[in-house]
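> Quick one, structure for this:
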Amino acid sequence: MIGAVRLLNFQIKGRMVTKREMKMSKITLLDGGMGQELVARSGDEPTPLWATRVMIDHPGMVKAIHDDYFAAGATVATTNTYAIHHDRLERVGMDHLFHALHLRALAEAHEAAGGKGARIAGSIGPLKASYRPDLADPVDIAAPKYAEVAAILGPHVDVILCETMASIVMAEAVAKGAQAAGKPVWLSVSVDDNDGTRLRSGEPVADLVAVVAKYPVAAVLANCSVPEAMAAALGELKALGLPFGAYANGFTHISGNFLKDAPTVKELTHRHDLTPEKYGDFAMVWVGMGATIVGGCCEVGPAHITHLATRLKAAGHEIV
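Residues are numbered from 1 along each chain as shown. Model prediction:
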């Protein structure tokens, strides 16, 4: 049980820090994973189109998941647009739906957010594939592709959330392209599961300093890596001098088979030890480090967000 008088202890830089010592903050509580939640609820066989395929086949399911995250305490709905890119749709002959699919995802987010005073984050995921910095196009080729998505999302969202960028080139391209939305840009990177100070490309997270100096970025985050790697990542992101945060995944690791062309999420393994309580422990450490944006990524669901909201309130933080 988490009571108002219980002291929550965290170990930061080798020192135990109590609740009373922590600075009470205003915390933006993101939602949790959408794609994996869709796959789980639909019961459908996963396809390379992932969450996009489920949204097509099960109208209203995206809204229902947004509803559950809002009920859990999240204050931001992340649109189900992460994987809607021409390159993925072209492979299955569905590129003619590119614009319509973005609008469908936006509509389901707005239907859930209506009347709640919530914000909507327009998600832009990597071109071609996740966790594949080796596939990244040069900035001058990739940025216009990201800009096309940002221009669709911009009028309908409060912020653009660029997610799971795995290299400096990918981060620069999406940061440049996302400006087309005319909305604040949050840049989120995926880090090495064994060394959170490095991107999945092997480059230092600290090298993002050149990206945020060149393009307007309102916040920097780390996402879709194991929670154990996030504290190290946040140490590097904090040094950039912007609002920062994290939302980890619940995979055991990113398997070699998932790094092949057109994989499905069947190649990734859900970890069974990451209970809502354990995830809350990780997230509260991030908040103790100064993070003001937290939530969850793949395999982190409504139960995790519910528990995290309770923990944040019990610690005296304001969820905004």
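> Going by C-alpha atoms from here, please, whenever you check contacts or count neighbours.
Will do.
> what pLDDT, on average, does stretch 249-268 get?
Averaging pLDDT along stretch 249-268 yields 55.
> let me redo that: stretch 103-115
On average, stretch 103-115 scores 96.
> Tell me the helices and strands packed up against the helix or strand encompassing Glu37.
Assessed by DSSP states H and E, Glu37 sits inside helix 35-42. Packing partners of helix 35-42 (3 or more CA pairs under 8 Å, 6 or more residues apart in numbering; DSSP states H and E): helix 51-57, helix 61-72.
> show me the contacts for Val211.
Ile168, Ala171, Glu172, Ala175 (CA atoms under 8 Å, 6 or more residues apart in numbering).
> Nearest to Asp67 among those?
Ala175 (29.2 Å; CA to CA).
> Secondary structure element holding the closest one?
Going by DSSP H and E, Ala175 is part of helix 168-177.
> The helix or strand where Glu108 lies packs against which elements?
Glu108 belongs to helix 98-113 when assigned by DSSP H and E. Here helix 98-113 touches helix 61-72, strand 76-78, strand 119-124, helix 139-153, going by 3+ CA pairs under 8 Å, 6+ apart.
> at 10 Å what do you get?
helix 51-57, helix 61-72, strand 76-78, helix 86-90, strand 119-124, helix 139-153 (3 or more CA pairs under 10 Å, 6 or more residues apart in numbering; DSSP states H and E).
> Format those as JSON lines; extra columns: mean pLDDT, distance to Lys238 and mean neighbour count.
Shown next, in JSON lines, are those (pLDDT from 0 to 100; distance: least, CA to CA, whole Å; neighbours: other CA atoms under 10 Å):
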{"stretch": "helix 51-57", "mean pLDDT": "96", "distance to Lys238": "31", "mean neighbour count": "19"}
{"stretch": "helix 61-72", "mean pLDDT": "98", "distance to Lys238": "27", "mean neighbour count": "22"}
{"stretch": "strand 76-78", "mean pLDDT": "98", "distance to Lys238": "22", "mean neighbour count": "27"}
{"stretch": "helix 86-90", "mean pLDDT": "96", "distance to Lys238": "34", "mean neighbour count": "16"}
{"stretch": "strand 119-124", "mean pLDDT": "98", "distance to Lys238": "22", "mean neighbour count": "26"}
{"stretch": "helix 139-153", "mean pLDDT": "98", "distance to Lys238": "25", "mean neighbour count": "20"}
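> Go through the ones you listed and name the closest to Asn194.
strand 119-124 (25.2 Å).
> Rebuild the contacts of Val211 as a markdown table, extending it with pLDDT.
Converted to a markdown table, the contacts of Val211 look like this (pLDDT from 0 to 100):
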| residue | pLDDT |
| --- | --- |
| Ile168 | 98 |
| Ala171 | 98 |
| Glu172 | 98 |
| Ala175 | 99 |
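> Of these, which is the nearest to Asp44?
Ala171 (32.4 Å).
> secondary structure class for Gly235?
State at Gly235, reduced to three classes by DSSP: H, G, I helix; E, B strand; the rest coil: helix.
> how many neighbours does it have?
When counting by other CA atoms under 10 Å, one arrives at 19 neighbours for Gly235.
> Surely it touches Val285?
No - applying CA atoms under 10 Å, one finds Gly235 not in contact with Val285, separated by 11.6 Å.
> list the residues that contact both of those two?
Ala291 (CA atoms under 10 Å, 6 or more residues apart in numbering).
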